[in-house]
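Undergrad: 3D, please:
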Amino acid sequence: MYNPMLDTFIAAADLGSFTKAAQKLYISPTAVMKQINALESHLDIKLTERMSSGIKLTKAGEAIYSSAKFIIDYSGKAVAEAKARSIDCDTTFCVGTSLLNPAKPFMDIWYRVNHEFTEYKLHLVPFEDNHEGILSEIEMLGRKFDFLIGVCDSRAWLSRCNFLHLGRYKKMIAVSGEHRLAKKSIVYLNDLYGETLMMVRQGDSGVNDLLRSDLEKNHPLIKIEDTPQFYDISVFNRSAETGKVLLTIECWQDVHPALVTIPVNWDYSIPYGLLYSLNASCDVQRFVDTVKRVCLGGENAN
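TA: Okay, the predicted model is just below:
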């Protein structure tokens, strides 16, 4: 879908060196140089300038670089959607999966109910946790995916899909391994006095809004910093890089290797469950009804 030489160009730009890019890509420095030269020839644009210490991007190279990652991501999504549409939709459930919304909890459910869907197969469809694009992914339920499974207390999400509540995850905090709280087995609110707590801005999540109000009213010594409305890996990176405390949940304990997740002495938790289209097909609705009966004892909640 896209010119694979863009991958080489991005690696060289990120690392500032053909040699380092070659090591990352497991090819020779000569191969890297040839690919960059070929890309420049193909585009008829000078992308890099060679220096004794490595390379730097030209103004034109910077413009290509800023668009290249979007092109690669968009191409990947287009291929995933095309593959999802190419399979036999009558006998396959497509399940979205990402770093923050992995398909593993869906598989746990599937093994409990698949005896009633012996003619069906599963197809996992990867997607990106991009805070700017996640709502468009939710809107693809019923087209790109049949199901997603994950935490959901977002008014914006719930206006775009059906939600079958399966359980709750505890609200916790994450800190870098060097943070003064990293060795604690549990954190009390007064431990957070003087710290900056990163959490989503107010207005979309009832649980987060309630927690924020509690902190602002009863614990003003905890400074609150707004994150984007929806988390992606950049939020975890910022916490790791700045040393600020991140509000997180127990199922995200392994998302970032530099962060330590710690329970907090409070009673806040957030629902997780099965997300599916507002205009669910008959087989999707039958699956949801089966999950209610087998896994939830016949609960009739969306």
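Undergrad: what's the helix or strand hosting Leu39 packed up against?
TA: For Leu39, the element it lies in under DSSP states H and E is helix 29-43. Secondary structure elements in contact with helix 29-43, counted by 3 or more C-beta pairs under 8 Å, 6 or more residues apart in numbering; DSSP states H and E, are helix 5-15, helix 18-25. Backbone N, C-alpha and C define where each C-beta goes, glycine included.
Undergrad: for these, which one sits closest to Leu274?
TA: When the helices and strands packed on helix 29-43 are compared for distance to Leu274 using C-beta to C-beta, the nearest one is helix 5-15, at 35.1 Å.
Undergrad: name the helices or strands packed onto that closest one?
TA: Applying 3+ C-beta pairs under 8 Å, 6+ apart, one finds that helix 5-15 contacts helix 18-25, helix 29-43, strand 54-57, helix 59-86.
Undergrad: coming back round to it: paired strands for the next helix or strand after the helix holding Leu39, with orientation please.
TA: The C-terminal neighbour of helix 29-43 among helices and strands, as given by DSSP H and E, is strand 48-51. Using DSSP bridges, the strands paired with strand 48-51 in its sheet are strand 54-57 (antiparallel).
Undergrad: List the backbone torsions phi and psi for Leu122.
TA: Backbone geometry at Leu122, expressed as degrees, to the nearest 10, gives phi -110, psi 140.
Undergrad: Alpha carbons only: can I get stretch 100-108 in PDB?
TA: Output of stretch 100-108 as PDB, limited to C-alpha atoms (Å, rounded to 0.1, in the frame of the first residue of the first chain):
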ATOM      1  CA  LEU A 100      -4.900  -0.900  25.700                       C
ATOM      2  CA  ASN A 101      -7.900  -3.000  24.500                       C
ATOM      3  CA  PRO A 102      -6.400  -6.500  23.900                       C
ATOM      4  CA  ALA A 103      -8.600  -9.400  22.700                       C
ATOM      5  CA  LYS A 104      -7.500 -11.700  25.600                       C
ATOM      6  CA  PRO A 105     -10.700 -11.000  27.700                       C
ATOM      7  CA  PHE A 106     -12.800 -11.800  24.600                       C
ATOM      8  CA  MET A 107     -11.000 -15.100  24.200                       C
ATOM      9  CA  ASP A 108     -11.800 -16.000  27.800                       C
END
